[in-house]
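Chemist: The following block contains a protein sequence and its predicted model.
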Amino acid sequence: MAHGPQPGLKRWLYTTNHKDIGSMYLWFSFAMFLLGGCMALVIRAELFEPGLQIVQPEFFNQMTTMHGLIMVFGAVMPAFVGLANWMLPMMIGAPDMALPRMNNWSFWILPFAFAMLASTLFMEGGAPNFGWTFYAPLSTEYAPPSVTFFIFAIHIMGASSIMGAINIIATILNMRAPGMTLMKMPLFVWTWLITAYLLIAVMPVLAGVVTMMLMDIHFGTSFFSAAGGGDPVLFQHVFWFFGHPEVYIMILPAFGIISAIIPTFARKPLFGYSSMVYATAAIAFLSFIVWAHHMFTVGMPIAGELFFMYATMLIAVPTGVKIFNWVSTMFRGSMTFETPMLFAIAFIILFAIGGFSGLMLAIAPADFQYHDTYFVVAHFHYVLVPGAIFSITAGVYYWLPKWTGNMYSEVMGKVHFWLAFIGLNVTFFPMHFVGLAGMPRRIPDYALQFADFNQISSIGAFLFGAAQIVFLFNVVRTVMGGKKASDEVWDNPEGLEWTVPSPAPYHTFSTPPVIR
């Protein structure tokens, strides 16, 4: 292949450049974010008032399933891989990723996987309708015919994730600049190194469980069929052994992004670097031994409930260490509140709320009451929307001037932040109340007493959706041109001059700015 960028479409099809591939991942994930978001708005429109208004229950179930699958596998994970592709080589001083052709391949199989998943909406029997956790026997004995395409799509996504993880590990371990020891790496690099090991450990488990489904559907096995001597609860064990580390795969890179942004805008080095590294590793380890806290209601022995209850509570310790370190970094810093910092601070506050409701769900006897209510929906959206989505957004605003050479509109960035922040809380906070009052999730109709809070949630959801259009406009405008970004792009608006020791400030991530 000729050296240098190819003309037109060829450049993007054949590229082995980590920046091009990072950009494609980010644009793809944003397209999936909008698609999954539209499905969420269908759900919220239906739930605006009691009764059946817009869609049939069957289609409502398809929307809840597709929304979850597309957001987890299509929006959040590719976005973090895109940020990793862009930033890791630059942060460790490498010329590119270690395996550039595999990098290209791992991206280009994704659009085909999600095109196939989305196409199930137009198939006979409709799209998967069994929830994003696809519990058997709903997803085997009672599934629509399109479940086979869903299984194939999951396999392709998993292959993409494994290739991406191998590439990241090979790059970080083999291509660091001379003198950059592991304990000198930026935290974003550390969090991705640990995340990549998690991906390699759990993606084959997901591949295994969907293969067992395939065998049950087409080849007469009975892994999950009680009639043939199998066990439906086995599905939950295998799925959540993948699923719980998966939740941390979607949050650990976020911790790395926040750990880059807060020191910059507090004008201080990160407090407790090594404790952050050890806390990340501890969270990754503990994520493997808590899976059955999703299953307190299946009738496990009391010893099992106690073990999973205490192990789940233990994860709060390293997570608390991280929040303490971020707050300590901000303490007595010369803080300014540009858009990335606003998203980072909102991340800390709202992620803490999600963490506290997670502690409530960790208490086994209390979980019997909360299980499968909207309280669970509120909890995981308070973890994933401020946790994953806000941190990705913060990272895009933070690094966009570096990527494009142009400065985004700070006014539009702040408009986006406040619309998203208000929309998020108006959407998901009332769900705590309806959940505690007993409203079950994944059901298109509800009792009259839940109507007011559901209307508030639906209004908030459309507000949050509108905020993303502002974000899209701001990013496109910045990519196309606009005010040039200076070396001191994060100059202090209050007039304090600050610089970073050479090289130029915005091109260094290991040394935070220093006031002079």
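Modeler: All right, it came through fine.
Chemist: residues in contact with Ser287?
Modeler: For Ser287, the contacting residues are Leu198, His244, Pro245, Val247, Tyr248, Ile315, by CB atoms under 8 Å, 6 or more residues apart in numbering. C-betas here are computed from N, CA, C, even on glycine.
Chemist: er, Ala279 actually
Modeler: Per CB under 8 Å, 6+ apart, neighbours of Ala279: Pro318, Thr319, Val321, Lys322.
Chemist: Tell me how far it lies from Leu187.
Modeler: Ala279 sits 10 Å away from Leu187, taking CB to CB, to the nearest Å as the criterion.
Chemist: any common contacting residues for these two?
Modeler: Residues touching both Ala279 and Leu187 (CB under 8 Å, 6+ apart): none.
Chemist: Please give the element, helix or strand, for the closest residue to Met163 other than its chain neighbours.
Modeler: Spatially, and ignoring its direct neighbours in sequence, Met163 is nearest to Ser106 (3.8 Å; CB to CB, 6 or more residues apart in numbering). Secondary structure assignment for Ser106, by DSSP states H and E: helix 100-119.
Chemist: chain center to the following helix or strand past that helix: distance?
Modeler: Next helix or strand after helix 100-119 toward the C-terminus (DSSP H and E): helix 147-174. Between the centre of helix 147-174 and the centre of its chain there are 16 Å (CA atoms, centre = their mean, to the nearest Å).
Chemist: For helix 147-174, name the packing helices and strands.
Modeler: helix 77-92, helix 100-119, helix 187-218 (3 or more CB pairs under 8 Å, 6 or more residues apart in numbering; DSSP states H and E).
Chemist: next SSE after the longest one?
Modeler: The first helix or strand that comes after helix 187-218 along the chain, using DSSP H and E, is helix 232-249.
Chemist: now what about the helix holding Ser106, what contacts it?
Modeler: By CB under 8 Å, 6+ apart, the surrounding residues in contact with helix 100-119 are 13-18, 21, 24-25, 28, 32, 35, 66, 69-70, 73-74, 78, 81, 85, 97, 149-150, 152-153, 156-157, 159-161, 163-164, 166-167.
Chemist: same thing but 6 Å
Modeler: 16, 21, 24-25, 74, 97, 149, 153, 156-157, 160, 163-164, 167 (CB atoms under 6 Å, 6 or more residues apart in numbering).
Chemist: And stretch 261-271, by the same measure?
Modeler: Residues contacting stretch 261-271 (CB under 6 Å, 6+ apart): 259, 325-326, 328-330, 333-336, 340-341, 344, 394, 398, 512-513, 515.
Chemist: With stretch 466-475 instead?
Modeler: Outside stretch 466-475, the residues that touch it by CB under 6 Å, 6+ apart are Tyr408, Ser409, Met412, Val415, His416, Leu419, Ala420, Gly423.
Chemist: how does it look with 10 Å?
Modeler: 26-27, 30, 33-34, 37, 339, 389, 393, 396-397, 400, 404, 408-424, 482 (CB atoms under 10 Å, 6 or more residues apart in numbering).
Chemist: got the CA coordinates for it in CSV?
Modeler: C-alpha atoms of stretch 466-475 as CSV (Å, rounded to 0.1, in the frame of the first residue of the first chain):
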residue,chain,number,x,y,z
ALA,A,466,-32.0,17.9,22.8
ALA,A,467,-28.7,18.6,24.6
GLN,A,468,-27.0,16.0,22.4
ILE,A,469,-28.0,18.0,19.3
VAL,A,470,-26.2,21.0,20.7
PHE,A,471,-23.1,18.8,21.3
LEU,A,472,-23.2,17.4,17.8
PHE,A,473,-23.4,21.0,16.3
ASN,A,474,-20.6,22.2,18.5
VAL,A,475,-18.3,19.3,17.5
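Chemist: How far does it sit from its chain's centre?
Modeler: 19 Å.
Chemist: cool, stretch 70-87 as well?
Modeler: Remark: stretch 70-87 is offset 7 Å from the chain centroid, using CA atoms, centre = their mean.
Chemist: try stretch 232-240
Modeler: 23 Å.
Chemist: what does that stretch contact?
Modeler: If you take CB under 10 Å, 6+ apart as the criterion, stretch 232-240 is touched by 133-141, 205-206, 208-210, 212-213, 216, 223-226, 231, 243, 246-247, 290-295, 298-300.
Chemist: Between the contacts of Ser287, which sits nearest Thr373?
Modeler: Val247 (18.8 Å; CB to CB).
Chemist: How many residues are close by that closest one?
Modeler: Number of residues near Val247 (other CB atoms under 10 Å) recorded here: 20.
Chemist: how close does it sit to Val205?
Modeler: 14 Å.
Chemist: cool, Ala437 as well?
Modeler: From Ala437 to Val205 the distance is 36 Å (CB to CB).
Chemist: before we move on, what about Leu69?
Modeler: 17 Å.
Chemist: okay, those two: which has more neighbours?
Modeler: The neighbour count for Leu69 versus Val205, taken as other CB under 10 Å, is higher for Leu69 (25 against 18).
Chemist: is it true that the more buried one touches Ala153?
Modeler: Yes: if you go by CB atoms under 10 Å, Leu69 and Ala153 touch, sitting 8.5 Å apart.
Chemist: Need the residues touching each of these two.
Modeler: Residues touching both Leu69 and Ala153 by CB under 10 Å, 6+ apart: Phe114, Leu117, Pro128.
Chemist: what's the burial count for the last one?
Modeler: Pro128 has 26 neighbours, counted by other CB under 10 Å.
Chemist: same thing with the first one?
Modeler: Here the number of neighbours of Phe114 (other CB under 10 Å) works out to 22.
Chemist: Likewise for the second one?
Modeler: The local packing count at Leu117 equals 25, with neighbours defined by other CB under 10 Å.
Chemist: just to revisit the earlier point, out of the shared contacts of Leu69 and Ala153, who's nearest Pro365?
Modeler: Nearest to Pro365, judged by CB to CB, of the shared contacts of Leu69 and Ala153 is Pro128 at 33.0 Å.
Chemist: what's near enough to touch Val415?
Modeler: Neighbouring residues of Val415 by CB under 10 Å, 6+ apart: Thr339, Ser409, Ala467, Val470, Phe471, Asn474.
Chemist: farthest-separated two in those residues?
Modeler: Ser409 and Ala467 (14.4 Å).
Chemist: Just the pLDDT for Val514.
Modeler: With respect to pLDDT, Val514 has a value of 41.
Chemist: what do you get for Phe509?
Modeler: Confidence at Phe509, expressed as pLDDT, is 41.
Chemist: in the stretch 351-500 of the chain, which ranges drop under the pLDDT threshold?
Modeler: The stretch 351-500 of the chain contains residues with pLDDT under 70 at 488-500.
Chemist: Over to the residue lying closest to Ala352 once chain neighbours are set aside. Which of the three states is it?
Modeler: Leaving aside its sequence neighbours, Ala352 sits nearest to Ile323 (CB to CB, 6+ apart; 6.0 Å). Ile323 falls in the helix class when you classify it by DSSP: H, G, I helix; E, B strand; the rest coil.
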